[in-house]
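Engineer: Just need the structure, nothing else, for what follows:
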Amino acid sequence: MVDVFSDMINSMAGIPGIEIQPKCFIEMEGKIVDFNGKDYIKITFPVKEKYSNPAGNLLGGMISAIFDNTFGPLSFAIARRPTVSLDLNTTFIKAISPKEKELIAEAKAIKITKRFIIFEGKAYNPSNELLATGTSRMMIL
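Structural biologist: Numbering: from 1, shown residues only. Reported below is the predicted structural model:
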């Protein structure tokens with residue numbers, strides 16, 4: 001499944017102005033672990049101490065960035081061209097400690113039109129405990 005995503009993305013390389021591996025995805029060390037070829041993706045991200053808030057938990061903005069780094073590749077795979085986020089909403093359910101080591105984010109496209117894609121996402125710890133949810137609307141350029 002993941003190879004299908006890699007092959008598809010590599011076939012789109014060369015679109016002017018597009019980085020197939022965005023710097024933020026590389027910095028956050030995302031790893032695609034599942035992709036169904038049409039409307040679902042799962043990506044893991046390490047939970048690093050350097051992304052902690054003053055209380056020592058993962059900064060809320062980093063969780064939002066994880067969702068953005070999950071919705072983004074899926075939107076590109078669906079649209080086969082660039083998209084832009086219109087909104088990104090995150091609901092925090094439980095604090096995420098660096099002791100978790102990893103956050104698993106999954107995204108599903110719940111509505112696809114000619115101009116827009118609407119996503120729902122969930123983030124889990126390695127024990128499969130739900131930690132956050134997210135939604136986003138993206139416009140296809």
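Engineer: hey, let's count contacts and neighbours off CA atoms from now on
Structural biologist: Will do.
Engineer: Next up, phi/psi of E49, please.
Structural biologist: Phi and psi for E49, reported as degrees, to the nearest 10, are phi -60, psi -30.
Engineer: The one 4 residues further on now?
Structural biologist: Note on N53: its backbone torsions stand at phi -90, psi 180 [degrees, to the nearest 10].
Engineer: quick one, what contacts L86?
Structural biologist: 136-139 (CA atoms under 8 Å, 6 or more residues apart in numbering).
Engineer: my guess is it is in a helix, correct?
Structural biologist: No - L86 sits outside any helix when classified using DSSP: H, G, I helix; E, B strand; the rest coil, being strand.
Engineer: and the gap between it and I118?
Structural biologist: Distance from L86 to I118, counting by CA to CA, to the nearest Å: 10 Å.
Engineer: Touching both of those two, which residues are there?
Structural biologist: What both L86 and I118 touch, as defined by CA under 8 Å, 6+ apart, is the set 136-138.
Engineer: Relative to T44, which of those residues is nearest.
Structural biologist: S136 (18.8 Å; CA to CA).
Engineer: What count of nearby residues applies to the nearest residue to the closest one once chain neighbours are set aside?
Structural biologist: Take S136 and drop its neighbours on the chain: the residue closest to it by CA to CA, 6 or more residues apart in numbering is L88, 4.5 Å away. When neighbours are counted by other CA atoms under 10 Å, L88 registers 16.
Engineer: tell me the contacts of the residue minimising distance to the centre of the chain?
Structural biologist: By CA atoms, centre = their mean, the chain has its centre lying nearest to T70, at 1.0 Å. Neighbouring residues of T70 by CA under 8 Å, 6+ apart: 41-43, 105-107.
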